[in-house]
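Engineer: From the sequence below, what's the structure:
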Amino acid sequence: MTVRPIAFASILAAALPYSATADERPPNVIVILADDLGCRDLKLYDGWIETPRIERMAKEGMTFTDFHANSSVCSPTRTAFLTGRYQQRAGIVDVIVGDKEPDQGIPASTPTLAKVFQKNGYATALFGKWHCGFQDQYNPVHHGFDEFVGLLNGAGDFHQHGSWRVGLEKRNVEGYSTDIITDRSVDFIRRQKDKPFFLYVSHQTPHNPYQTRADVPEKRDKDWKQNRVGEENRPRYQEMVKDLDDSVGKILDTLKETGLSENTLVFFWSDNGDVRMSPVAGDLRGSKFSQYEGGHRVPAVAWWPGKIKAGAESDALVLGFDLFPTFTEIAGIGEDAPDNLDGTSAKAHLLEQAEFKDREIFFGYEPKLGTAMRRGDWKLIVKGDDVQLYNLKDDLSETRNVAEEHPDVTKSMRAAIERFKQTVTKGS
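Structural biologist: Predicted coordinates:
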């Protein structure tokens, strides 16, 4: 069944009571974002950890094989997702390190996905990690979220939450991070079941420190390296991913219990590639902090029973910033989205398996990693005088630099990157 955006907009305009049946209301949208989860982490992508609920979600929905975060680190990816634009336009190209960077964050005046939903009568909430500005002026409540409970920084203890926020208020929230985020999300769904809602479930896991529920402060070995990637923490990492899977399952179960599953689009993905905790090498080169595919090609699954074809698989090149126009068009509120979005709506691709048009895509991370670019199967990475060209169709692992063999392609893509760097700047 195809969503009818015009009908949804008419419902909102007519201000029908939110006690209307679920089928009469605009669709709910839930985004579940993992932190540092890579393709090689999940069995779904031939990785090493079984996640039965995410795997079931994939069987009942659409799995993406060429989905990308806009960056290989947290803050830029989240900024692009929330604004629907390249993160460079907001001046966020690297990790925001808390109060050490007081002038870094998404300005409150910036149009965001949550603001568009909020303007159209949706209840909105973010539970979990923000990482788009540490100071109060950047708080999620200024970006369209009615409710916010979580951490502003990029990482934190999973048991001690003295610096968390409830709205603007600094407050200690007791519990294990994954459980807090899940329980708040489930509670929100139940409380808002009679009106449309946009819920952003922004998990802290499996980002370091690698702490399970058992790793309470009083039981921690003083010599334990909580952030170390390796055998010592691999079982903990695996358990954290399984907790994430359980969280996804609880959210889907809640939707079914409340009768909302057929009117709720759920999208699961990760903010960047993995940190190489997996004992499985996988096909992708690189990891977090890399312009290679392992840095920004991430797991992604869309679920909406009765709307998205069960078992569908997409090899389309789709990015995090495409979710803004996709969700607003599906909800029938696209006319309230900014007209200068860089992202492209994938609505028809999701709901009708229509072809998703190719376009040039850029992964800029200046000056640390240079700039990467996709043009179809071609992938170019440029940093200073170092130029690497790969054909991902023939060489997904990016092992063979063919820049000298294809000088015309290299020259053309380098010129495109230079144009991108000049035009996509802060404030543009």
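
Engineer: List the contacts of V31.
Structural biologist: F81, L199, Y200, V201, V266, F267, W269, L323 (CB atoms under 8 Å, 6 or more residues apart in numbering). All C-beta atoms are positioned from the backbone trio N, CA, C, and that covers glycine.

Engineer: Tell me if it really is in a strand.
Structural biologist: Yes - assigned with DSSP: H, G, I helix; E, B strand; the rest coil, V31 falls within a strand.

Engineer: Distance check, T110 against T344.
Structural biologist: Using CB to CB, to the nearest Å, one gets 20 Å for the distance from T110 to T344.

Engineer: give the contact list for the closest residue to T264 other than its chain neighbours.
Structural biologist: Closest residue to T264 apart from its sequence neighbours, by CB to CB, 6 or more residues apart in numbering: N28 at 4.1 Å. N28 makes contact with P196, F197, F198, L199, L260, N263, T264, L265 under the criterion CB under 8 Å, 6+ apart.

Engineer: Contact partners for W378?
Structural biologist: Contacts of W378 by CB under 8 Å, 6+ apart are L389, Y390, N391, L392, V409, M413.

Engineer: which of those lies closest to I54?
Structural biologist: L392 (24.6 Å; CB to CB).

Engineer: Surely P102 and D136 touch.
Structural biologist: No - the criterion here is CB atoms under 8 Å, and P102 misses it with D136 at 10.6 Å.

Engineer: Can you tell me the element the closest residue to P140 other than its chain neighbours falls in?
Structural biologist: Leaving aside its chain neighbours, P140 sits nearest to F148 (4.2 Å; criterion: CB to CB, 6+ apart). If you go by DSSP states H and E, F148 is part of strand 147-151.

Engineer: quick revisit: quick one: which of the contacts of W378 sit in helices?
Structural biologist: Counting by DSSP state H, these place V409, M413 in helices.

Engineer: Among the contacts of W378, name the buried ones.
Structural biologist: L389, Y390, N391, L392, V409, M413 (16 or more other CB atoms under 10 Å).

Engineer: how much space between the closest residue to G133 other than its chain neighbours and Q135?
Structural biologist: Taking CB to CB, 6+ apart, and ignoring the residues beside it in sequence, G133 has G105 as its nearest neighbour in space, at 2.0 Å. According to CB to CB, G105 and Q135 sit 6 Å apart.

Engineer: So if I had to pick from the two, which one is more boxed in?
Structural biologist: Between G105 and Q135, G105 has the larger neighbour count (other CB atoms under 10 Å), namely 27 against 14.

Engineer: Return the residues in contact with the more buried one.
Structural biologist: G105 neighbours (CB under 8 Å, 6+ apart): I92, I96, C132, G133, F134, Q135, Q137, Y138.

Engineer: Would you mind checking these for buried ones?
Structural biologist: Neighbour counting by 16+ other CB under 10 Å classes I92, I96, C132, G133, F134, Y138 among those as buried.

Engineer: Can you tell me which of the contacts of V31 is nearest L126?
Structural biologist: Nearest member of the contacts of V31 to L126, counting by CB to CB, is Y200, at 4.4 Å.

Engineer: What's opposite that closest one in the beta bridge?
Structural biologist: V31, L126 (DSSP bridges).

Engineer: and D245, helix, strand or coil?
Structural biologist: Under three-state DSSP, D245 falls in the helix class.

Engineer: Surely it and M57 touch.
Structural biologist: No - assessed by CB under 8 Å, D245 is found out of contact with M57, at 9.4 Å.

Engineer: Extract the C-alpha trace of stretch 49-64 and format it as CSV.
Structural biologist: The C-alpha coordinates for stretch 49-64 follow below in CSV (Å, rounded to 0.1, in the frame of the first residue of the first chain):
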residue,chain,number,x,y,z
ILE,A,49,27.5,-11.2,15.9
GLU,A,50,24.0,-12.7,15.6
THR,A,51,21.3,-10.1,16.1
PRO,A,52,18.0,-12.0,15.7
ARG,A,53,15.7,-9.0,16.1
ILE,A,54,17.6,-6.9,13.6
GLU,A,55,17.7,-9.9,11.2
ARG,A,56,14.0,-10.4,11.6
MET,A,57,13.5,-6.7,11.0
ALA,A,58,15.4,-7.1,7.7
LYS,A,59,13.3,-10.2,6.7
GLU,A,60,10.2,-8.1,7.3
GLY,A,61,11.6,-4.9,5.6
MET,A,62,14.3,-3.6,3.4
THR,A,63,18.1,-4.2,3.9
PHE,A,64,20.5,-1.7,2.4
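
Engineer: and it, how far from the chain's centre?
Structural biologist: The chain centre lies 16 Å from the centre of stretch 49-64; the measure is CA atoms, centre = their mean, to the nearest Å.

Engineer: Report the buried residues of that stretch.
Structural biologist: 49, 51, 53-58, 60-64.

Engineer: can you tell me how far the spatially closest residue to Y292 that is not a sequence neighbour sits from M413?
Structural biologist: When the adjacent residues along the chain are set aside, Y292 lies closest to G286, with 2.9 Å between them (CB to CB, 6+ apart). Distance of G286 to M413, given as CB to CB: 19 Å.

Engineer: If it's not too much trouble, I'd like the buried ones among the contacts of W378 exported to JSON lines so that pLDDT and distance to T399 sit alongside each entry.
Structural biologist: JSON lines is the format used below for the buried ones among the contacts of W378 (pLDDT from 0 to 100; distance: CB to CB, whole Å):
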{"residue": "L389", "pLDDT": "98", "distance to T399": "12"}
{"residue": "Y390", "pLDDT": "98", "distance to T399": "8"}
{"residue": "N391", "pLDDT": "98", "distance to T399": "11"}
{"residue": "L392", "pLDDT": "98", "distance to T399": "11"}
{"residue": "V409", "pLDDT": "98", "distance to T399": "18"}
{"residue": "M413", "pLDDT": "98", "distance to T399": "19"}
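
Engineer: gap between R25 and K195?
Structural biologist: 7 Å.

Engineer: more crowded one of those two?
Structural biologist: Counted by other CB under 10 Å, R25 and K195 do not tie: R25 has more neighbours, with 22 against 16.

Engineer: you'd agree that one is up against T264?
Structural biologist: No - counting by CB under 8 Å, T264 is not a contact partner of R25; they are 10.3 Å apart.
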